[in-house]
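In: I'd like to go over a predicted model; first the sequence, then the structure.
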Amino acid sequence: MFKRIKNYFKSAPFLAWLMVVKTKNNVAKQKQLSSFFLLFLFIIIPIKGVDLLRGISFFSQRSQSTNAAREIVGWHPFINKYGATKNYVTAALTPVFNQSVRPRRIAQALFGTELLTISGSLVEARGEDDILADYFGLSQEFQSTVDLNPLVRSALIDFQLYVGLDSWLSGLFFYAHMPAGWTKWNLNLNEKVFNVGNNTPFPAGYMAPAQLTPPFKSFIDAIKGGTDFGSIQGLADGKINGARAKSGISDVQLSLGWNFILTETSHAGLSIRIALPTGSRPNSEFLFEPILGNGKHWELGLGFTGHVLLWEKDAQQELAFFSNINLMHLFKARQRRSFDLCRNGFGSRYILAKLFNNTGSTNMGEPLINQSTLICDVRVDIQADGVFMFGYTYGNTLFDIGYNGWIRSKEKITRKQQLSANRFGLKGIQNVVGNFTQSTATLRGNNFFNQAAVADPNSPVFVKDEEINDRSARSPLVLTHKLFAHVSYAWEPNQPESTTPFLGIGGEIEFEGINTHNSVEPQDKTTMSQWGIWVKLGFAF
């Protein structure tokens, strides 16, 4: 709160008021008091506006396969070899574990806050950011708070292969890696219920032709979806139902390149890279759904690899600088995303909608998200994954330390499915029975006694396809920074041409590169901070 006040005093409204005070210091005392009162209002309004609910319906991290740091650490003495006259092979097996940190940022990306307040339409003095309980089949007197503590965990085994094709062309190489494993995502909802509202049934007409007892006792139970109540169909998409997991193979990445510079102390090479989309395809049945891979995008791009020896001593110690940079284009992938409405703002996908036919209201309803979860094509113009690393060698021991930057441009969405025309109107707090709609409804709802005042005078007003807000389901530009380190040991081969085994352990910490500590709009970024640890076992043939 104090930081927001401090930031406000640097803002334009305050500076403008200060100029007025300085230039009109002869104003009467009563006018000065009025100015102070107006200033107080100006301060309060921006502070309250900072915490308004907002966010996006889709959260995506970087693919588990996109990790230039893991591609290079621990085995660089056995690849890009100088003076090789025969083909050679280096293979590695890397078990990996990653876990997200800073859950508050993930919650803010989805909701603008990590603490939700749920209240029914009959609750007195409802907060302006309260989510309307009625939409979810909760009592009109229901009250609770829901704390979000999102967590993402992944466990992988990364298979890596490097083949030097020097017998065909000096410096020619092929590289492939294929992470296979498991990822688990959980929003970790923790709810405190203050009033279930057991004694307040829905009145006749509101959710059904007859009076109806609210079916749910908590928001956590209601958001699981799948349960009809009265004349309202259950939530089919955008559900939250505990931890969800995916397992399988993440993107298979392949690279064919040529080191156009290859000397005893340096190398530089370019490659053509492709990613095969073997991971999972997002379908938005669940909010914060687990994603293994890059969302079924084919990828094509260029890679750069290079190093230069900085220092050497007694043929036992070396210090070198390494760089790997991969630039990729993510082609369109067919997915399902859940969309809000432009006019009705964040979360409008969860507003109840009324169903109509040619003769009028069917006296049935459902959450709008059941209809606004649509098939679309998603593509990303550019993704960059770059590593800058120092590698120190002492005898058979290798120590790597470096920086990895990853950036992905904002998604571009083309919807391939449209809302049905003249079929749906927002119910809001109107009765499901009858033709009245409430086209101005929001996720926050209105007090129940204002039902008549907020009804559309020209009901029914239908939801139109052009009202869909594509940005509500689009991942924006994301950027992360990563620091990593790896230490390994290679055993001396028994014979010059025999296999050389190596074994190492490494770790990384990745953090957001766009959000700042004091950012007031972190929900506009979907960057995930995480840490990871791995073991790398390999053989050079």
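Out: Cool, got the structure. These numbers were taken from a predicted model, which means no experiment stands behind them.
In: any idea how this structure splits into domains?
Out: Per the record, the chain has its domains at 2-46, 51-114+149-188+242-423+462-540, 115-148+189-225+234-241+428-461, by automatic domain parsing.
In: how about TSV for those domains, with mean neighbour count added?
Out: Yep, even glycine has a C-beta here, placed from its N, CA and C like the rest. Listed next are those as TSV, based on neighbours: other CB atoms under 10 Å:
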stretch	mean neighbour count
domain 2-46	11
domain 51-114+149-188+242-423+462-540	18
domain 115-148+189-225+234-241+428-461	19
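In: Which of those has the lowest mean pLDDT?
Out: The weakest mean pLDDT among the domains of the chain belongs to domain 2-46, with a mean of 40.
In: Please tell me how far residue 85 sits from residue 167.
Out: 7 Å (CB to CB, to the nearest Å).
In: sorry, that was for residue 403
Out: Taking CB to CB, one finds residue 403 at 35 Å from residue 167.
In: the strands in the stretch 251-400 of the chain, which residues?
Out: Under the criterion DSSP state E, counting those that start in this stretch, strands of the stretch 251-400 of the chain are mapped to 252-262, 266-276, 299-313, 317-338, 340-341, 352-357, 360-367, 373-394, 397-408.
In: would you turn those into TSV with distance to residue 68?
Out: TSV is the format used below for the strands of the stretch 251-400 of the chain (distance: least, CB to CB, whole Å):
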stretch	distance to residue 68
strand 252-262	10
strand 266-276	11
strand 299-313	9
strand 317-338	5
strand 340-341	35
strand 352-357	46
strand 360-367	42
strand 373-394	4
strand 397-408	6
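In: So for stretch 69-81, could I get the coordinates as PDB, restricted to C-alpha?
Out: The C-alpha trace of stretch 69-81 is given here as PDB (Å, rounded to 0.1, in the frame of the first residue of the first chain):
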ATOM      1  CA  ALA A  69      22.200 -24.600 -21.300                       C
ATOM      2  CA  ARG A  70      21.500 -28.300 -21.000                       C
ATOM      3  CA  GLU A  71      22.600 -28.800 -24.600                       C
ATOM      4  CA  ILE A  72      26.100 -27.600 -24.000                       C
ATOM      5  CA  VAL A  73      27.200 -28.300 -20.500                       C
ATOM      6  CA  GLY A  74      29.400 -31.200 -19.500                       C
ATOM      7  CA  TRP A  75      30.300 -32.600 -22.900                       C
ATOM      8  CA  HIS A  76      31.800 -29.800 -25.000                       C
ATOM      9  CA  PRO A  77      35.300 -31.400 -24.900                       C
ATOM     10  CA  PHE A  78      33.800 -34.300 -26.800                       C
ATOM     11  CA  ILE A  79      31.900 -32.400 -29.600                       C
ATOM     12  CA  ASN A  80      33.000 -30.000 -32.300                       C
ATOM     13  CA  LYS A  81      36.400 -31.800 -32.400                       C
END
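In: how much space between the most centrally placed residue in the chain and residue 510?
Out: By CA atoms, centre = their mean, the chain has its centre lying nearest to residue 59, at 2.5 Å. With distances taken as CB to CB, residue 59 is found 16 Å from residue 510.
In: now do residue 407
Out: 13 Å.
In: Mind listing the shared neighbours of the two?
Out: Both residue 407 and residue 510 are in contact with residue 480, where contact means CB atoms under 8 Å, 6 or more residues apart in numbering.
In: Please enumerate the helices of the stretch 401-541 of the chain.
Out: Secondary structure of the stretch 401-541 of the chain, counting by DSSP state H, counting those that start in this stretch: helices at 451-454.
In: Kindly report the same for the stretch 1-150 of the chain.
Out: Counting by DSSP H, counting those that start in this stretch, the helices of the stretch 1-150 of the chain are 2-8, 12-23, 29-50, 68-72, 103-111.
In: Looks like residue 300 contacts residue 328 (just checking).
Out: Yes: counting by CB atoms under 8 Å, residue 300 touches residue 328, with 6.9 Å between them.
In: Show me the common contact partners of those two, please.
Out: 273, 275.
In: still on that earlier bit, of all the strands of the stretch 251-400 of the chain, which lies closest to residue 188?
Out: strand 317-338 (20.6 Å; CB to CB).
In: Now do the contacts for the closest residue to residue 511 other than its chain neighbours.
Out: Distances taken as CB to CB, 6 or more residues apart in numbering put residue 529 closest to residue 511, at 4.6 Å, once the chain neighbours are dropped. Contact analysis of residue 529 by CB under 8 Å, 6+ apart lists 100-102, 105, 480, 510-512.
In: if we go to 6 Å?
Out: Shown in contact with residue 529 (CB atoms under 6 Å, 6 or more residues apart in numbering): 101-102, 511-512.
In: Could you do residue 222 as well?
Out: Taking CB under 6 Å, 6+ apart, one finds 136-138, 216 in contact with residue 222.
In: closest to residue 183 among those residues?
Out: Looking across the contacts of residue 222 and measuring by CB to CB, the closest to residue 183 is residue 136, at 27.9 Å.
In: Give the phi and psi angles for the spatially closest residue to the closest one that is not a sequence neighbour, as a check.
Out: In space, and not counting its chain neighbours, residue 136 is closest to residue 222: 3.9 Å by CB to CB, 6+ apart. The phi/psi pair for residue 222 (degrees, to the nearest 10) reads phi -70, psi -40.
In: ok, residue 222 to residue 346 distance?
Out: 19 Å.
In: ok, now residue 380?
Out: For residue 380 relative to residue 346 (CB to CB), the value is 24 Å.
In: follow-up on the earlier one: in the sheet, who's paired with the residue nearest to residue 511?
Out: Counting by DSSP bridges, residue 529 is bridged to residue 101.
In: Export the contacts of residue 529 to CSV and append columns for distance to residue 128.
Out: As requested, the contacts of residue 529 are exported to CSV (distance: CB to CB, whole Å):
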residue, distance to residue 128
101, 31
102, 27
511, 33
512, 29
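In: so which of those residues comes closest to residue 173?
Out: Nearest member of the contacts of residue 529 to residue 173, counting by CB to CB, is residue 511, at 32.4 Å.
In: Can you report how many residues neighbour residue 427?
Out: 27 (other CB atoms under 10 Å).
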